[in-house]
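Structure, please.
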Amino acid sequence: MNSSARPLAIISGGSRGLGFATARGLAADGFDLALIAKDAQRLESARQALLTEFAATQTALTITTHAVDLEDQVATRNAATEIANTLATPKVLMLAHGVMSEKMSKTLRTTDAEWNRVININLNSVFILVNAIAPAMAEARDGRVVIYSACLGRMSGPGNAGGLAPYRISKAGVNALVRNLAHETGLGARGFYVDATCPNHTRTDMGGPDAPRSAEEGAETAIWLATADITQRGSESITGVLWEDRRVIPW
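Numbering: from 1, shown residues only. Got it, this is the predicted structure:
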């Protein structure tokens with residue numbers, strides 16, 4: 001692809017873990033990247049690593065970085081608005097950031113500070129980024145929003161059942177946001193798709209070094225949702241659901 005034809009993917013949490021693995025996969029597929037994360041230095045390191053890795057195969061690759069503390073709703077809104085106003089309309093909005101709540105953060109024990117920290121990062125910032133960036137994608141009738149959720153956010157199975165309350169509830173909120181937005185925008189009939197994905201337990205800063213999956217394995221379904229021909233999802237080209245290993249799983 002030449003630089004004018006390259007689609008843009010905006011990726012939050014793009015400096016490490018699942019976000020960085022997703023960025024690598026999308027760069028390999030010919031996307032330019034806009035990486036969002038808190039640490040400006042780590043973002044620049046990620047940018048340089050990707051440019052070096054793809055120097056021979058993606059010579060026109062362009063990567064911008066956008067440092068913002070996603071716990072801060074005002075700063076997140078300002079950053080999201082600037083991104084929407086200065087970058088091309090993305091083909092992909094990939095939200096891969098998130099934090100785990102404290103181990104003892106059960107509903108009756110969680111402090112206001114811990115509740116607000118997790119909800120702001122895992123849910124409120126997701127709303128703000130989608131609210132600011134996705135309207136142009138929907139208007140263009142050509143866009144895919146993919147949000148990393150978690151199986152702990154399911155209302156069925158083990159989902160919302162005991163402990164880690166802010167985390168579980170924030171991810172349930174992500175799932176609800178995805179479903180609601182998909183219905184609001186015609187369930188893909190207008191060329192705009194929005195989905196959640198459960199990466200399972202992966203070897204990231206959050207998942208720890210002993211997790212059974214690599215970050216690349218955890219990111220595989222998200223990359224597929226962002227890039228594969230929509231007919232691969234099934235005869236109805238389904239959207240607005242939670243995916244795990246390329247399959248729809250119950251909420």
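
just how off-centre is the helix or strand bottoming out on mean pLDDT in the chain within its chain?
Ranked by mean pLDDT, DSSP states H and E, the weakest helix or strand in the chain is strand 247-249, scoring a mean of 91. Relative to the chain's own centre, strand 247-249 is displaced by 17 Å; criterion: C-alpha atoms, centre = their mean, to the nearest Å.

Who does it pair with, and is each partner parallel or antiparallel?
strand 242-244 (antiparallel) (DSSP bridges).

Low-confidence stretches in the chain?
Scanning the chain for pLDDT under 70 picks out 1-4, 157-162, 201-204, 206-208, 211-212, 235-236.

What segments of it are strands?
Here the chain has its strands, by DSSP state E, at 8-12, 32-37, 63-67, 92-95, 143-148, 192-197, 242-244, 247-249.

can I get those in TSV with distance to Ala55?
Where C-beta positions appear, they are placed from N, C-alpha and C, glycine not excepted. Shown next, in TSV, are those (distance: least, C-beta to C-beta, whole Å):
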stretch	distance to Ala55
strand 8-12	19
strand 32-37	14
strand 63-67	12
strand 92-95	22
strand 143-148	27
strand 192-197	29
strand 242-244	32
strand 247-249	36
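
To Thr231, which of these lies closest?
Minimum separation from Thr231 across the strands of the chain (C-beta to C-beta) falls at strand 192-197, 12.1 Å.

what about dumping the CA coordinates of that closest one to CSV?
Output of strand 192-197 as CSV, limited to C-alpha atoms (Å, rounded to 0.1, in the frame of the first residue of the first chain):
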residue,chain,number,x,y,z
PHE,A,192,-20.0,-0.2,11.1
TYR,A,193,-19.3,-3.1,13.4
VAL,A,194,-18.7,-3.1,17.1
ASP,A,195,-17.7,-6.1,19.2
ALA,A,196,-16.1,-7.2,22.5
THR,A,197,-13.4,-9.9,22.9
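
packing partners for it?
Secondary-structure packing of strand 192-197 (3 or more C-beta pairs under 8 Å, 6 or more residues apart in numbering; DSSP states H and E): helix 125-140, strand 143-148, helix 165-184, helix 215-227, strand 242-244.

out of the strands of the chain, which comes closest to Leu18?
Nearest of these (C-beta to C-beta): strand 143-148, 6.1 Å.

got the angle between that closest one and strand 192-197?
Strand 143-148 runs at 10 degrees relative to strand 192-197, counting by axes from the mean of the first three to the mean of the last three C-alpha atoms, to 10 degrees.

coming back round to it: okay if I get the helices and strands packed on strand 192-197 as a markdown table plus mean neighbour count and distance to Asp69?
Converted to a markdown table, the helices and strands packed on strand 192-197 look like this (neighbours: other C-beta atoms under 10 Å; distance: least, C-beta to C-beta, whole Å):
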| stretch | mean neighbour count | distance to Asp69 |
| --- | --- | --- |
| helix 125-140 | 20 | 9 |
| strand 143-148 | 27 | 19 |
| helix 165-184 | 20 | 17 |
| helix 215-227 | 22 | 23 |
| strand 242-244 | 21 | 28 |
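
In this structure, which residue is most central in space?
Residue closest to the average C-alpha location in the chain (C-alpha atoms, centre = their mean): Leu95, at 1.8 Å.

Tell me who's in contact with that residue.
Neighbouring residues of Leu95 by C-beta atoms under 8 Å, 6 or more residues apart in numbering: Ile11, Ser12, Gly13, Val126, Leu129, Val130, Val145, Val146, Ile147, Tyr148.

Roughly how far does it sit from Leu43?
16 Å (C-beta to C-beta, to the nearest Å).
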